[in-house]
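Chemist: Quick check, what structure comes out for this input:
(one chain, ligands or ions: 1)
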Amino acid sequence: MAEAEVGDDVFEGDPTVKRLEEAAAGLLGQEAALFVPSGTMANQVALRMLTRAGDEIICEVGAHIVNYEVAAASVLSGLQLSPIESPGGILTPEMVEPRIRPENIHHPNTSVIALENTHNRAGGNVYPLEAIWSLRELARTRGLQFYLDGARVWNAAAYLEVPVSEITSRFDAVSVCFSKGLGAPVGSAVASTRENIKTARRIRKMFGGGMRQVGIIAAGALYALENNLERLIDDHRRARVLAENLADTGLFEMAPKSVLTNIVVIGLKSQVSEIEFCSALESRGVLLVPFGRARIRAVAHLDIGDEDIDEASRVIIDVARSYL
Ligand SMILES: *Cc1c(COP(=O)(O)O)cnc(C)c1O
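Modeler: Have a look, this model is predicted:
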């Protein structure tokens, strides 16, 4: 990063950003990509790019775009979300089809089917490839855009043991994150057709995401792409170990077999609030986040090794015992 060659990326003159965008587009099986500061901006640039104000987006109720983006789709782009509750966060054509609005002067215009893979709120759950294919078919036949929030799609590909493009090339547009599992300090991207990405570049500027000598952070993202994809399965293995360590005690509500990737959702059995539980963990050096009522989330990542998993397991069990 310190040695990155830089230029003004607002004028498309930063060679390191260009390299990153080309590498990302290539890996994702899309024509072009655009570097953005955050996953939220990636989603919001992409949704704006695919829609017009007054459109409706069919998605899953636990989706990041529903829960964690400060209502940006409605505030920034005048969009309405149509969230579906589904087991494990996985949508099927049978669930989505009835939500597609017929043409009628009263209705919003359904324009996008949006998936999230892996699904964060569903504990890092992975879409089976066949489910993606059948939803893509539905989107095609009904003339809808097919969008993937792929902030965590690298983990999905690692779990399925397929090249990431096997998943991402099926979508009209996709967002990915370089900082989550991949471990870069900053950055996400939107990938789509060359024509769409031209539009996305204007939208990114409008949303305040045009950055000047940004090659220094793009270099970190490039490093992550080149070095940190293969090690994701280590995170998955460690997350499973953490889940098994905790489940063995009988102190928590959890199913270690449902831990497919790097996210572990831990259900608390005692009366203590998830917020208080996380504060107690934090005071002992273990950082987990509250994840809804009586649930907390742990994520294995680049900076967590086998000994850290053992130590975290001990601390989480200790704290749970202290609330019995
Ligand atoms: C983290 C995340 C985002 C948003 O990323 P930020 O960089 O925090 O804005 C979007 N989608 C999913 C599924 C995520 O996990």
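Chemist: Quick check, residue 268 in contact with residue 277.
Modeler: Yes. Using Cβ atoms under 8 Å, residue 268 is in contact with residue 277, at 5.9 Å. Any C-beta I mention is one placed from the backbone N, CA and C, and that applies to glycine too.
Chemist: Contacts only, for whatever residue of the chain ends up closest to the ligand.
Modeler: Here the residue of the chain nearest the ligand is residue 39; by Cβ to the nearest ligand atom that distance is 2.3 Å. Counting by Cβ atoms under 8 Å, 6 or more residues apart in numbering, residue 39 makes contact with 64, 149, 151, 175, 177, 180, 188.
Chemist: Alongside the ligand, which residues does the stretch 151-300 of the chain contribute?
Modeler: Taking Cβ under 6 Å from any ligand atom as the criterion, the stretch 151-300 of the chain approaches the ligand at residues 151, 152, 177, 180, 188.
Chemist: What is the lowest-pLDDT residue among those?
Modeler: Within the set of these, pLDDT is lowest for residue 180 (92).
Chemist: thinking again about what came up before, including secondary structure and neighbour count, could the residues of the stretch 151-300 of the chain next to the ligand go into JSON lines?
Modeler: Below are these laid out as JSON lines (DSSP: H, G, I helix; E, B strand; the rest coil; neighbours: other Cβ atoms under 10 Å):
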{"residue": "151", "secondary structure": "coil", "neighbour count": "26"}
{"residue": "152", "secondary structure": "coil", "neighbour count": "26"}
{"residue": "177", "secondary structure": "strand", "neighbour count": "24"}
{"residue": "180", "secondary structure": "coil", "neighbour count": "21"}
{"residue": "188", "secondary structure": "strand", "neighbour count": "27"}
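Chemist: Which two of those have the greatest separation?
Modeler: Of all pairs drawn from these, the widest gap by Cβ to Cβ lies between 152 and 188 and measures 11.2 Å.
Chemist: Give the intersection of the neighbour lists for the two.
Modeler: Counting by Cβ under 8 Å, 6+ apart, the shared contacts of residue 152 and residue 188 are residue 177.
Chemist: Tell me how many other residues surround residue 269.
Modeler: 14 (other Cβ atoms under 10 Å).
Chemist: same question, the one 3 residues further on
Modeler: By the other Cβ under 10 Å criterion, the neighbourhood of residue 272 contains 16 residues.
Chemist: repeat for residue 318
Modeler: Neighbour tally, residue 318, other Cβ under 10 Å: 13.
Chemist: mind listing what the residue lying closest to it once chain neighbours are set aside touches?
Modeler: Closest residue in space to residue 318, ignoring its immediate chain neighbours: residue 284 at 7.7 Å, by Cβ to Cβ, 6 or more residues apart in numbering. Residues in contact with residue 284, defined by Cβ under 8 Å, 6+ apart, are 315, 318, 319.
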